[in-house]
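Engineer: pasting a predicted model and its sequence here:
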Amino acid sequence: MKMRFLTVLIAALAAASCVPDWAKENDADVLLIMTNVAGQAGGSEESGTTQLFSDVRVPGVINDNAELTLRVIPKTPGVSEAVIETGLNDVILRRYTVHYYRADGRSVPGVDVPHDIVGDMTGTVPVNGDLETSVIVVRQQAKLEPPLRNLAGSRSADGAVRGLGGAQIITAFAEITVYGETAARRTVKATGRLEIVFGEWPDDED
């Protein structure tokens with residue numbers, strides 16, 4: 001009997017130690033939600049938009065940003081203010097990723113879309129509170145590499161499309177995922193998406 005109990009106990013401990021990382025994600029008592037994603041073109045001082053027009057013009061390329069609104073809510077309704085005020089379930093942001101894909105299924109990094117982004121983040125989202133922050137959604141170096149580099153020079157000085165053949169624009173989607181953890185060391189993540197149209201856009205003075 002004792003031998004059977006020990007066997008079951010050892011098996012249970014072994015199973016617990018082999019829990020994959022994906023199964024441990026979002027194991028907190030709160031949910032991290034991305035309530036809004038807005039694209040801001042490089043160098044622009046205007047508010048972000050739901051569709052980002054990314055300029056690949058060389059020289060003078062600059063990274064584009066995504067403005068994010070993040071919110072944390074309890075998984076269990078009616079959580080007391082006393083529990084919330086402990087701060088143990090406030091979410092500390094750690095990192096983010098950007099993955100690009102196209103609706104037509106052609107999504108090979110470096111060929112059809114830019115390479116993915118991995119970056120660090122800082123900031124804290126309180127329970128039942130919001131945080132507005134921004135991340136880089138298109139890096140400068142991505143505009144100097146294929147496939148975005150291939151779009152540069154596709155327009156003349158007057159803004160007209162030159163007869164170069166091939167695509168003059170690329171429409172893709174950026175899947176932005178933010179990762180964080182609570183003060184109690186429980187992991188959470190949230191995902192949002194942004195449509196991006198890459199091209200060489202004429203300036204107002206062109």
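Structural biologist: That came through, no problem.
Engineer: which element follows the helix or strand bottoming out on mean pLDDT in the chain toward the C-terminus?
Structural biologist: Using mean pLDDT, DSSP states H and E, helix 21-24 stands out as the lowest-scoring helix or strand of the chain, at a mean of 44. Using DSSP states H and E, the helix or strand that follows helix 21-24 towards the C-terminus is strand 30-40.
Engineer: would you mind listing the outside residues contacting stretch 45-58?
Structural biologist: Stretch 45-58 has contacts (Cβ atoms under 8 Å, 6 or more residues apart in numbering) with 37-42, 61, 64-67, 137-138, 143-144, 148-149, 151-153, 194-201. Where C-beta positions appear, they are placed from N, C-alpha and C, glycine not excepted.
Engineer: okay, it in PDB with CA atoms only?
Structural biologist: Output in PDB follows, covering the C-alpha atoms of stretch 45-58 (Å, rounded to 0.1, in the frame of the first residue of the first chain):
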ATOM      1  CA  GLU A  45       2.800  64.400 -34.200                       C
ATOM      2  CA  GLU A  46      -0.800  63.500 -34.900                       C
ATOM      3  CA  SER A  47      -2.900  61.000 -33.000                       C
ATOM      4  CA  GLY A  48      -2.600  57.400 -33.900                       C
ATOM      5  CA  THR A  49      -5.000  55.800 -36.400                       C
ATOM      6  CA  THR A  50      -6.500  52.300 -36.900                       C
ATOM      7  CA  GLN A  51      -4.600  51.900 -40.200                       C
ATOM      8  CA  LEU A  52      -0.900  52.800 -40.400                       C
ATOM      9  CA  PHE A  53       0.600  54.100 -43.600                       C
ATOM     10  CA  SER A  54       4.300  53.300 -43.200                       C
ATOM     11  CA  ASP A  55       6.700  55.300 -45.400                       C
ATOM     12  CA  VAL A  56       9.700  53.400 -46.600                       C
ATOM     13  CA  ARG A  57      11.300  56.400 -48.300                       C
ATOM     14  CA  VAL A  58      15.200  56.400 -48.200                       C
END
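Engineer: and that stretch, average pLDDT?
Structural biologist: Averaged across stretch 45-58, pLDDT comes to 88.
Engineer: how far off centre is that stretch?
Structural biologist: Relative to its parent chain, stretch 45-58 has a centroid offset of 16 Å by Cα atoms, centre = their mean, to the nearest Å.
Engineer: buried set for it?
Structural biologist: 48, 52-57 (16 or more other Cβ atoms under 10 Å).
Engineer: name whatever forms a beta bridge with the residue most central in space within the chain.
Structural biologist: The centroid of the chain falls nearest to residue 176 when counting by Cα atoms, centre = their mean (1.8 Å). For residue 176, the beta-bridge partners under DSSP bridges are residue 98, residue 192.
Engineer: that one reaches residue 189, doesn't it?
Structural biologist: No. Residue 176 lies out of contact with residue 189 (Cβ atoms under 8 Å); the separation is 10.8 Å.
Engineer: list residues touching both of these two?
Structural biologist: With Cβ under 8 Å, 6+ apart, residue 176 and residue 189 have no common neighbours.
Engineer: against residue 190, how distant is the residue nearest to the centre of the chain?
Structural biologist: From residue 176 across to residue 190, the span is 9 Å (Cβ to Cβ, to the nearest Å).
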